[in-house]
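[1] Okay, predicted coordinates and the sequence, questions at the end:
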Amino acid sequence: MVPTPYWPLWGHPTEDTTSPIWTRFPCESITLIRSGGFIFRPGDAYSVTLERGGGARLKSRDTSTTIVTSTGQVEVWDYGRLCYLTEQLGLANMGPGFRSPATDSGMTTVTVMKGGHETTVFNEGELGPIELWAIEQAIENVRRGIRWTRVATEHVR
């Protein structure tokens, strides 16, 4: 049975009823951070934050010397389902994270802010459980579907 905060996601409410739906979701924000690992490849290192209410921010390392900040909007349906997924798959009970013995592995971190409490789980070298992988992939899929607008470019050394 789908918990009460999420039932509108399966009822397809009309456009004028989406605003109150956001307030029902317990997740205040959902963040995915990926570090690229030992070898730089464009787009491998980024952070994406999705916020209750629809705001989305992306910071990506597009070249070895350029960090791009972009903003966009996440759909209410996508955000609600991600929030529900983190609850259903037990992100809060996974512990702090999973480390790889290889020092050149990339790191992925998932952080969910809920009720003023932050839960963060890191996954180095993709050694975490399949539930963590599913959450990471779902966030990644939502990130790909957002229309991003570049708002800043920073040049670093």
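    Yep, it's here. Numbers count the residues shown, from 1 in each chain.

[2] Point out where this protein drops to low pLDDT.
    12-19, 37-43, 102-103 (pLDDT under 70).

[3] so how far is the lengthiest helix in it from its chain's centroid?
    Identified as the longest helix of the chain according to DSSP state H is helix 130-145. Distance of helix 130-145 from its chain centroid, counting by CA atoms, centre = their mean, to the nearest Å, is 7 Å.

[4] going on from it, what's the next piece of helix or strand?
    strand 149-155 (DSSP states H and E).

[5] That following strand - which strands sit beside it in the sheet, and in what orientation?
    Applying DSSP bridges to the sheet, strand 149-155 is found paired with strand 66-73 (antiparallel).

[6] if we can go back for a sec, who does the longest helix of the chain touch, helix- and strand-wise?
    strand 27-34, strand 46-51, helix 76-88, strand 107-114, strand 117-124 (3 or more CB pairs under 8 Å, 6 or more residues apart in numbering; DSSP states H and E). For glycine as for every other residue, the C-beta is placed from the backbone atoms N, C-alpha and C.

[7] give me the number of residues near Ser64?
    12 (other CB atoms under 10 Å).
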